[in-house]
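Asks: fold the following.
(chains A and B)
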Amino acid sequence: MVKLIFIILAGIGVIAALMVVSLKNVVHSAFCLIITLFCVGCIFVLLHAEFLAATQILIYVGAIMVLVIFALMLIDSRETANDRRFHHQSQWVIIVGVILALEIVIFIIPKSKFIVNPEKMIAQTAEAGGNTQLLARYLFTDYLFAFEFASLIILVAVVAAVFLGKRLSPTGKRE
Amino acid sequence: MVPISWYLALSITFFIIGIVGVVIRRNVIVVFLSVELILNAVNINLIAFSYYLSSITGQIFTIFIITVAAAEAALGLALVIVVYHNKGTINVDEISLMRW
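Replies: Numbers count the residues shown, from 1 in each chain, chains lettered A, B, ... in the order given. Predicted structure coming up:
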């Protein structure tokens, strides 16, 4: 049953991902990426990472993709009929990509041995009272410095984005 | 239970689709969307190993990847809009100011 759900989600996600890179209209690509990100969020639920599934949908679908679609509103990205969508020689890239993917999926992954031991994780989650509690316990103790540093990165990015978004005055200074 | 190799196969599929999208498309917004696809492939990998190896660290790192992706989105789209205002195009092969 879980395998069937996984196959359905993976199929929808891969088809939408292929449409992201192949569709002509950029807005359609953005909407297909939303479908892909939603499927990835559902796959996180299958992996018992409920907090990250919610984060995925809130941040990626709710924030990043809305930002992309707003940026598309400010840019005239319509391509004319004779405009090329792809680079020259892109067929070679596709051939190499397909060979690489098939090589890894068919030859490398089935021959590898993986340790499969999720019982400890299930016990830990039950002991902490849920996935979010377990995540918070580690995030605010062992990884506190990285957490604070991530907030600094966000701050720098926001300041830089506001600076870049300002119009240039005729003298060349940013207003 | 779904075997871990299925998750790895899905992850490598997303990764290759993302890399091919970065290389072949001319529109810089689609290149940006493909980068998001690559980051998601990595997230699937990290969370699959986090669950199957009983370690929460993969999920913690996924939070940081999502953070960096959000920062990258804000900064990248601001850059794209500035480049569009200055050059009037968002095709990556026409933006060649820094090419020697």
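Asks: the helix or strand bottoming out on mean pLDDT in chain B and chain A, are they touching?
Replies: Scoring the helices and strands of chain B by mean pLDDT, DSSP states H and E places helix B:57-87 at the bottom, with a mean of 91. Yes - using CB under 8 Å from any CB of the partner chain, helix B:57-87 reaches chain A at B:57, B:59-60, B:62-64, B:66-75, B:77-82, B:84. For every residue, glycine as well, the C-beta is placed using N, CA and C.
Asks: so where's chain A uncertain?
Replies: A:77-83, A:168-175 (pLDDT under 70).
Asks: look up how far B:Ser11 lies from A:Pro110.
Replies: 15 Å (CB to CB, to the nearest Å).
Asks: scratch that, A:Ile5
Replies: To B:Ser11, A:Ile5 is 17 Å away according to CB to CB.
Asks: buried ones in the helix or strand harbouring A:Leu9, by neighbour count?
Replies: Following DSSP states H and E, one finds A:Leu9 within helix A:2-22. By neighbour count with 16 or more other CB atoms under 10 Å in any protein chain shown, helix A:2-22 contains the buried residues A:Phe6, A:Leu9, A:Ala10, A:Gly13, A:Val14, A:Ala16, A:Ala17, A:Leu18, A:Met19, A:Val20, A:Val21, A:Ser22.
Asks: now do the very next helix or strand once past that helix against helix B:57-87, angle only.
Replies: Counting by DSSP H and E, the next helix or strand C-terminal to helix A:2-22 is helix A:26-46. With axes from the mean of the first three to the mean of the last three CA atoms, to 10 degrees applied, the angle from helix A:26-46 to helix B:57-87 works out at 170 degrees.
Asks: name the helices or strands packed onto helix A:26-46?
Replies: helix A:2-22, helix A:50-55, helix A:65-74, helix B:4-24, helix B:28-52 (3 or more CB pairs under 8 Å, 6 or more residues apart in numbering or on different chains; DSSP states H and E).
Asks: export it to PDB, keeping only CA atoms.
Replies: Once non-C-alpha atoms are left out, helix A:26-46 reads as follows in PDB (Å, rounded to 0.1, in the frame of the first residue of the first chain):
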ATOM      1  CA  VAL A  26       7.800  30.000 -17.800                       C
ATOM      2  CA  VAL A  27       4.700  30.400 -15.800                       C
ATOM      3  CA  HIS A  28       3.600  26.900 -16.600                       C
ATOM      4  CA  SER A  29       7.100  25.700 -15.600                       C
ATOM      5  CA  ALA A  30       6.600  27.400 -12.200                       C
ATOM      6  CA  PHE A  31       3.300  25.800 -11.600                       C
ATOM      7  CA  CYS A  32       4.700  22.400 -12.600                       C
ATOM      8  CA  LEU A  33       7.500  22.900 -10.000                       C
ATOM      9  CA  ILE A  34       4.800  23.600  -7.400                       C
ATOM     10  CA  ILE A  35       3.300  20.100  -8.200                       C
ATOM     11  CA  THR A  36       6.800  18.600  -7.900                       C
ATOM     12  CA  LEU A  37       7.500  20.200  -4.600                       C
ATOM     13  CA  PHE A  38       4.100  19.200  -3.300                       C
ATOM     14  CA  CYS A  39       4.800  15.500  -4.200                       C
ATOM     15  CA  VAL A  40       8.200  15.800  -2.500                       C
ATOM     16  CA  GLY A  41       6.500  17.100   0.600                       C
ATOM     17  CA  CYS A  42       4.100  14.100   0.500                       C
ATOM     18  CA  ILE A  43       7.200  11.800   0.200                       C
ATOM     19  CA  PHE A  44       8.600  13.400   3.400                       C
ATOM     20  CA  VAL A  45       5.400  12.300   5.200                       C
ATOM     21  CA  LEU A  46       6.000   8.700   4.000                       C
END
